[in-house]
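J.: pasted the sequence and its predicted model underneath.
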Amino acid sequence: MRVSTTLIGGCAALLVLGSMGMASAAAAEGTPTFAKDIAPILYENCVACHRPNHLAPMSLITYSDARPWARAVKTKVLAREMPPWGADSSVRAYKNDASLTQAEIDTITAWVDGGAPEGNTADLPEVPQFAEGWSIGEPDLIFTMLEPFEVPADGTVPYSYITVPTNLTEDTWISAHEFRPGDRRVLHHVIPTVLEDDGKPATGEVKLQRDRTRTRAEGASVGGYVPNRLGTVYEDGVAVLLPAGADIEAQMHYTTIGEPVLDRSSWGVVLAKTSSSKPRRRAGGGALASMTFAIEPGNADFVVTASRTIEEDTYLANMMPHMHVRGKSARYTVTYPDGREVVALSVPNYDFNWQLRYQLEEPIFMPKGSVLEAEFHYDNSGANKFNPDPTAEVRWGDQTWEEMMLGYYGTVDGPKSNTTTDQQ
């Protein structure tokens with residue numbers, strides 16, 4: 001994870017004074033308080049999701065927000081289930097590592113065990129400001145589905161493909177992008193592809209397969225969606241190019257929830273700032289995939305690998321493994337042309353509910369001829385509490401009870417002479 005009631009009358013005044021006295025006593029005895037000790041932790045690591053009308057089921061911004069959840073917060077942070085973070089940070093450092101330090105966990109524990117006092121409100125840090133409904137800040141441009149998608153009350157919804165126009169009149173560099181669901185209850189995932197202009201107006205027609213006649217805009221992206229995913233903000237000087245007239249073709253995976261739903265989702269983008277002092281670096285990427293596996297019934301550690309040879313010098317900037325509920329662990333490695341190998345990412349306990357994009361603190365230089373490999377492990381045994389059927393042979397498939405092996409990765413152009421320590 002990186003309600004106050006107003007009482008009236010003399011008894012209420014005594015209660016308030018009593019609670020103030022307890023808070024003062026707690027502070028005097030060294031018990032952490034929300035205002036001074038807990039709020040800074042929550043604001044730094046948690047409220048990007050735990051704020052009104054966003055991903056989390058409750059807000060943790062104010063004391064009255066957080067106090068009813070104090071024991072639940074303690075339980076989750078002690079189990080290291082919150083904030084969600086799957087990577088082994090001893091392998092490599094990541095810019096978006098939201099995991100708490102042991103000192104922060106100890107502070108939260110002491111606060112809860114000490115009665116969860118509020119403390120002096122004058123100690124509160126400034127509350128983070130967010131654009132309503134967006135994690136990337138207020139978008140400069142928003143691209144919205146032309147027509148709402150009708151999700152039925154029950155049954156299986158086939159993968160559907162919709163096209164959304166950008167209406168860009170010129171090539172446009174963007175520094176951040178985010179997909180915002182119209183109704184996140186019915187969205188399993190969204191995989192968008194940016195297409196070159198074909199000179200035809202986009203329509204709201206829903207199709208059951210991609211338009212194979214269209215040309216993909218190489219390196220362009222507006223961001224996809226999986227459960228609990230935030231938007232992408234590139235580092236200063238890094239941007240993605242969207243071509244003039246581009247369309248977004250999105251694979252939409254909807255699930256039913258027992259009632260009919262209309263979904264009309266959007267993409268938001270932030271325009272890249274120009275700078276005369278720093279050359280713009282282009283972001284790109286792709287996916288490592290294997291689609292021919294067959295996981296035997298009961299196999300607790302089935303391994304699937306996929307790899308790609310890098311065709312030109314570039315930097316590996318981020319990775320996001322994607323499996324379904326039998327996913328167990330994931331590992332990315334880079335093998336250099338001289339045979340040296342480095343681990344870029346290790347996710348020892350994959351969680352389908354928290355599919356994160358892990359952003360390297362120091363991008364890894366991959367010279368031409370390097371091999372990027374992803375190794376995913378699956379648990380199809382009865383010991384996997386999320387396994388819908390340990391007796392089934394499991395192959396590639398769209399639905400959650402089937403499986404996927406997609407190792408997404410992002411790259412960034414950079415000075416070819418500026419290498420990281422992994423080259424030395």
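T.: Structure received.

J.: ok, residue 221 - contacts?
T.: By CB atoms under 8 Å, 6 or more residues apart in numbering, residue 221 lies in contact with 177, 192, 194, 240, 283, 285. Yep, even glycine has a C-beta here, placed from its N, CA and C like the rest.

J.: redo those as JSON lines? Include secondary structure, neighbour count and distance to residue 304.
T.: As requested, the contacts of residue 221 are exported to JSON lines (DSSP: H, G, I helix; E, B strand; the rest coil; neighbours: other CB atoms under 10 Å; distance: CB to CB, whole Å):
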{"residue": "177", "secondary structure": "strand", "neighbour count": "24", "distance to residue 304": "29"}
{"residue": "192", "secondary structure": "strand", "neighbour count": "22", "distance to residue 304": "25"}
{"residue": "194", "secondary structure": "strand", "neighbour count": "21", "distance to residue 304": "28"}
{"residue": "240", "secondary structure": "strand", "neighbour count": "26", "distance to residue 304": "29"}
{"residue": "283", "secondary structure": "strand", "neighbour count": "25", "distance to residue 304": "27"}
{"residue": "285", "secondary structure": "strand", "neighbour count": "18", "distance to residue 304": "20"}
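
J.: of those, closest to residue 57?
T.: residue 177 (25.5 Å; CB to CB).

J.: SS state for the residue nearest to the closest one when sequence neighbours are not counted?
T.: Sequence neighbours aside, residue 223 is the residue nearest to residue 177 in space, at 4.2 Å (criterion: CB to CB, 6 or more residues apart in numbering). Following DSSP: H, G, I helix; E, B strand; the rest coil, residue 223 is assigned to coil.

J.: including pLDDT, could the contacts of residue 221 go into CSV?
T.: Converted to CSV, the contacts of residue 221 look like this (pLDDT from 0 to 100):
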residue, pLDDT
177, 95
192, 93
194, 95
240, 92
283, 89
285, 87
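
J.: please name the spatially closest residue to residue 322 (chain neighbours excluded).
T.: Nearest residue to residue 322 in three dimensions, chain neighbours excluded: residue 406, at 4.1 Å (CB to CB, 6+ apart).

J.: you'd agree that neighbour is up against residue 289?
T.: Yes - assessed by CB atoms under 8 Å, residue 406 is found in contact with residue 289 at 5.3 Å.

J.: who's in contact with the residue nearest the centre of the chain?
T.: The centroid of the chain falls nearest to residue 229 when counting by CA atoms, centre = their mean (3.1 Å). Residues near residue 229 by CB under 8 Å, 6+ apart: 179, 355-357.

J.: biggest separation within the residues you listed, which pair?
T.: Greatest spatial distance in the contacts of residue 229: 179 and 356, 15.1 Å, computed using CB to CB.

J.: helix, strand or coil for residue 61?
T.: Recorded secondary structure, residue 61: coil (three-state DSSP).

J.: quick check, pLDDT for it.
T.: Per-residue confidence at residue 61 stands at 93 (pLDDT).

J.: looks like it contacts residue 126 (just checking).
T.: No - here residue 61 does not reach residue 126: they are 11.5 Å apart, not a contact under CB under 8 Å.

J.: neighbour-wise, which of these two wins?
T.: Per other CB atoms under 10 Å, whichever of residue 61 and residue 126 has more neighbours is residue 61, with 18 against 7.

J.: got JSON lines for the contacts of residue 221, with distance to residue 206 too?
T.: Compiled in JSON lines, the contacts of residue 221 are given as follows (distance: CB to CB, whole Å):
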{"residue": "177", "distance to residue 206": "23"}
{"residue": "192", "distance to residue 206": "15"}
{"residue": "194", "distance to residue 206": "19"}
{"residue": "240", "distance to residue 206": "27"}
{"residue": "283", "distance to residue 206": "30"}
{"residue": "285", "distance to residue 206": "27"}
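
J.: which two of those have the greatest separation?
T.: 192 and 283 (15.1 Å).

J.: and residue 409, what element?
T.: If you go by DSSP states H and E, residue 409 is part of strand 406-412.

J.: partner strands of that strand and their direction?
T.: Applying DSSP bridges, strand 406-412 is found paired with strand 281-289 (antiparallel), strand 314-322 (antiparallel).

J.: now do the SS call for residue 38.
T.: For residue 38, the assignment made with three-state DSSP gives helix.

J.: neighbours around the nearest residue to residue 133 once chain neighbours are set aside, how many?
T.: In space, and not counting its chain neighbours, residue 133 is closest to residue 180: 6.0 Å by CB to CB, 6+ apart. Residue 180 is flanked by 19 other residues according to other CB under 10 Å.

J.: tell me how far the residue nearest to the centre of the chain lies from residue 138.
T.: In this view, residue 229 and residue 138 are 19 Å apart by CB to CB, to the nearest Å.

J.: same check on residue 131?
T.: Residue 131 is 4 Å from residue 138, where distance means CB to CB.

J.: same check, this time on residue 44
T.: Per CB to CB, residue 44 is found 22 Å from residue 138.

J.: so between these two, which is more surrounded?
T.: Neighbours of residue 44 and residue 138, each counted by other CB under 10 Å, are more numerous for residue 44; the result is 16 against 12.

J.: just checking, that one is part of a helix?
T.: Yes - Residue 44 forms part of a helix when assessed by three-state DSSP.

J.: check it and give its pLDDT.
T.: Value listed for residue 44 in the pLDDT field: 90.

J.: now residue 193, nearest residue through space, not along the chain?
T.: In space, and not counting its chain neighbours, residue 193 is closest to residue 249: 4.9 Å by CB to CB, 6+ apart.

J.: the one you found and residue 212 touch, don't they?
T.: No - if you go by CB under 8 Å, residue 249 and residue 212 don't touch, sitting 10.8 Å apart.

J.: neighbour-wise, which of those two wins?
T.: residue 249 (20 against 5).
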